[in-house]
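>>> need coordinates for the following:
(one chain, ligands or ions: 1)
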Amino acid sequence: MFNIILFGPPGSGKGTQSEKLVLKYDLKHLSTGDILRSEIAGQTPLGLEAKNFMDKGQLVPDEVVIGMISSALEKTPQAKGFLFDGFPRTDTQAEALDKLLKLKQTEIGVVLALLVSEEELVQRLLNRGQTSGRVDDNNVDVIRARIVEYHKKTTAVADYYRKFNKVFNVPGEGSVDEIFASLCAKIDEKIQ
Ligand code: AP5
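So this is what the prediction gives:
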């Protein structure tokens, strides 16, 4: 089993690249953002709680997302590996993920960190906000709040995995295919 974390700020291309990576490497894609949005669409109690945080650009409480990932892992015991997109986003989530994977006798193989300038992130998200219907994309203040939250709470997650020499930076600007090729090159190096 080979497990990957695709890491990076809001708008860095995690979702775009995840779609291609899961096909190429036959991985199960676990995006906490996608799971939360489907809970909101289903108007579940979890979704209603999460919406309050997401609409403001804040992180949803750790216990909520850790519970979601734990049940997603249980639902797919036969997966060849997992691609985590948007999770973990705090030290607490990273430690919980390590424990959950240990129970499955596996671990994170590599953390790929997409590097994109802040102005490019804001531009990408505002562009998407014109058509996506995502409340957190169509307001520049909420976009900036998401980026602040990333620097305050999430960059520490890369430091956590750096201790285990698992983090590789990948330039996240350029064409989608170029970035995909750089990600694949790193993964292939680690798989060998
Ligand atoms: P989430 O859904 O994870 O959103 P995000 O991290 O803010 O990231 P995005 O989906 O906006 O961007 P992305 O990096 O996936 O880029 P994408 O490929 O979409 O989280 C949303 C919210 O949920 C959080 O704010 C939080 O409230 C909550 N949440 C989620 N996980 C949580 C957790 N673990 N703990 C607590 N709370 C959590 O691309 C963005 C745009 O750029 C697209 O339009 C795309 O077409 C375009 N694009 C992609 N690549 C390129 C390129 N190379 N060049 C030009 N444009 C590009």
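>>> and the residue in the chain that the ligand sits nearest to, how far from residue 167?
As assessed by CB to the nearest ligand atom, the ligand sits closest to residue 33 within the chain, at 1.8 Å. C-beta: built from backbone N, CA, C; applies to glycine. Distance, residue 33 to residue 167, using CB to CB, to the nearest Å: 21 Å.
>>> residue 28 now?
Residue 28 is 22 Å from residue 167, by CB to CB.
>>> swap in residue 104?
22 Å.
>>> looking at these two, which is more packed in?
Using other CB atoms under 10 Å as the criterion, residue 104 and residue 167 rank with residue 167 on top: 18 against 14.
>>> so who does the more buried one touch?
Residue 167 is in contact with 7, 111, 113, 158, 161, counting by CB atoms under 8 Å, 6 or more residues apart in numbering.
>>> got the contact list for residue 95?
With CB under 8 Å, 6+ apart, residue 95 has these contacts: residue 160.
>>> what pLDDT does it get?
Note on residue 95: pLDDT of 96.
>>> Three-state assignment for it, please.
Following DSSP: H, G, I helix; E, B strand; the rest coil, the label given to residue 95 is helix.
>>> ok, longest strand in the protein?
Once the chain is assigned using DSSP state E, the strand that runs over the most residues is strand 108-115.
>>> just confirm yes or no for that strand near the ligand.
No: applying CB under 6 Å from any ligand atom, one finds strand 108-115 separated from the ligand by no less than 7.1 Å.
>>> buried residues in the very next helix or strand once past that strand, which are they?
Using DSSP states H and E, the helix or strand that follows strand 108-115 in sequence is helix 118-132. Residues 121-122, 124-125, 129 are the ones in helix 118-132 that count as buried (16 or more other CB atoms under 10 Å).
>>> got the contact list for the residue nearest the centre of the chain?
The chain has residue 86 as the residue nearest its centroid, 1.7 Å off, counting by CA atoms, centre = their mean. Counting by CB under 8 Å, 6+ apart, residue 86 touches 14, 31-33.
>>> take those residues and keep only those in strands.
Those of those lying in strands (DSSP E): residue 31.
>>> would CSV of the contacts of residue 86 with pLDDT, neighbour count and distance to residue 47 be doable?
Output for those, formatted as CSV (pLDDT from 0 to 100; neighbours: other CB atoms under 10 Å; distance: CB to CB, whole Å):
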residue, pLDDT, neighbour count, distance to residue 47
14, 98, 24, 21
31, 97, 20, 15
32, 97, 23, 13
33, 96, 20, 12
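>>> strands of the chain, residue ranges please.
With strands called from DSSP E, the chain shows them at 3-7, 28-31, 82-85, 108-115, 167-171.
>>> now those as TSV including distance to residue 134?
Converted to TSV, these look like this (distance: least, CB to CB, whole Å):
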stretch	distance to residue 134
strand 3-7	19
strand 28-31	13
strand 82-85	15
strand 108-115	19
strand 167-171	25
